[in-house]
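*Asks:* fold the stuff below for me.
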Amino acid sequence: MYCPRCKVKMKEQKRSFHKQRKWICPKCGKARMQKNDKAKPDR
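*Replies:* This next block holds a predicted model:
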């Protein structure tokens, strides 16, 4: 995923948040959330 603001490749955070992946731009610090389809299934 690329940052919409500065067009730099974003880094993914290790853990998921609410079944979503968190991407952070190393240049401007902008964070984006992406839906994770392969999330752990609910019990």
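
*Asks:* how many neighbouring residues does Lys22 have?
*Replies:* Neighbourhood size, Lys22 [other CB atoms under 10 Å]: 18. To be clear about C-beta, it is placed using only N, CA and C from the backbone, and glycine gets the same treatment.

*Asks:* ok, the one 3 residues further on next?
*Replies:* Neighbouring residues of Cys25 were enumerated by other CB under 10 Å; the total is 20.

*Asks:* who are the contact partners of it?
*Replies:* Cys3, Arg5, Cys6, Val8, Met10, Lys11, Ala31 (CB atoms under 8 Å, 6 or more residues apart in numbering).

*Asks:* just the buried subset of these, please.
*Replies:* Buried residues within these, counting neighbours by 16 or more other CB atoms under 10 Å: Cys3, Met10.

*Asks:* could you identify the most distant pair in the contacts of Cys25?
*Replies:* Greatest spatial distance among the contacts of Cys25 (CB to CB): Arg5 and Lys11, at 14.7 Å.

*Asks:* so which of the contacts of Cys25 comes closest to Gln20?
*Replies:* Nearest to Gln20 among the contacts of Cys25, with distances taken as CB to CB, is Ala31, at 10.9 Å.

*Asks:* how about the strands in the protein?
*Replies:* Under the criterion DSSP state E, strands of the chain are mapped to 11-12, 20-24, 31-35.

*Asks:* got CSV for those, with mean pLDDT too?
*Replies:* Output for the strands of the chain, formatted as CSV (pLDDT from 0 to 100):
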stretch, mean pLDDT
strand 11-12, 91
strand 20-24, 90
strand 31-35, 88
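
*Asks:* can you tell me which of those strands is packed in deepest?
*Replies:* Per residue and on average, the most neighbours among the strands of the chain fall to strand 20-24, with a mean of 16 (mean count of other CB atoms under 10 Å).

*Asks:* which other residues reach it?
*Replies:* Strand 20-24 is contacted from outside by 1, 10-13, 16, 30-36, using CB under 8 Å, 6+ apart.

*Asks:* quick one, helices of this structure?
*Replies:* Using DSSP state H, no helices are found in the chain.
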